[in-house]
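>>> Next comes the sequence, and after it the predicted model I'd like to discuss.
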Amino acid sequence: MTSRLDNTAEHLKDEEIAVVTYDVQRILLPTDGSANSIEAMNVAMGIAKLHGAEVVACFVHPGHSVDPLEEVAIEQSEGVHHSTAGLRCAKVSAEKNGVPLRTVVAEGAIARAILTTAREEECDLIVIGHTGRGAMQRLMLGSVAEAVVRDADVPVLVIKHCSTKFCTVARTDA
C-alpha cells in the first residue's frame, strides 16, 4: 500500500531550496466594519508600510443576492452590523500611516466578490479578518474567510484573533 502522506521536505535537497523574495505591490483588505476587519486593517497597513505597497479596501454589499430580512438574520447571528464604515477607517489609517489607498464597493456574493476584486485589482495578497463564527453557524451560513482561502489565486493572511486595544474595547463594550 502506498502512503498518501506528503513528505516533500524529507526528499528536498539543500541545493533545491531557493532564495525567496516576495514583492507585495497591492494588498486587498476586505472590510465589513467589524472588530476583526479593523485588526486586519492594522496588519494590512503594517505590511503595506514595510513593502511600500498600496492597499485596496473593499466593502461588499450583498445587493440582490441576499434578501434584506436574511441580511438582518446573518448580522444577528454573526454579531456584526456590516457597513461601509470600515472604508472610512481604512482611509484614516492610510493617511496616518502614509500608505496609498483606494476603496472599492462591490456587490454580490461576498466571497466571490472579494476574489473577483482581488483579480481585477491585481492584488498580491489578501488580508482578511476571521469572522469567529461557531461550528453550527459555519455549517448554516458558510464562512467568507474560509471560501477566500480555499479559492484565492494569491496568498491570504487571515487575522483570527483581534488583540489590539481598540478591538478588545470594542468587544467588551458591545
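Noted; the coordinates are in hand.
>>> Give me the neighbour count for Lys91.
By other CB atoms under 10 Å, 15 other residues sit near Lys91. Glycine gets a C-beta too; all of them are placed from N, C-alpha and C.
>>> Check Asn42 too.
Asn42: 19 neighbours (other CB under 10 Å).
>>> Tell me the secondary structure at the spatially most central residue of the chain.
Central residue of the chain (CA atoms, centre = their mean): Ile128, 1.4 Å from the mean position. Classification of Ile128 using DSSP: H, G, I helix; E, B strand; the rest coil returns strand.
>>> was I right about it contacting Leu157?
Yes: Ile128 is within contact range of Leu157, at 7.4 Å (criterion: CB atoms under 8 Å).
>>> that older thread, list the contacts of the residue nearest to the centre of the chain.
Contact analysis of Ile128 by CB atoms under 8 Å, 6 or more residues apart in numbering lists Leu29, Pro30, Ser37, Ala40, Ile114, Val144, Ala145, Val148, Val156, Leu157, Val158, Ile159.
>>> Please report the number of neighbouring residues for Leu115.
22.
>>> Quick check: neighbours shared by Ile128 and Leu157?
By CB under 8 Å, 6+ apart, no residue touches both Ile128 and Leu157.
>>> mind checking the SS state of Ala106?
strand.
>>> didn't it look like it was pressed against Arg112?
No: counting by CB under 8 Å, Arg112 is not a contact partner of Ala106; they are 9.2 Å apart.
>>> Now the helix or strand where Glu95 lies: buried residues?
Per DSSP states H and E: Glu95 is located in helix 85-97. Within helix 85-97, the residues that count as buried by 16 or more other CB atoms under 10 Å are Ala85, Gly86, Leu87, Cys89, Ala90, Ser93, Ala94.
>>> do you know how far Gly122 is from Ile27?
No, residue 122 isn't Gly; it's Glu. From Glu122 across to Ile27, the span is 11 Å (CB to CB, to the nearest Å).
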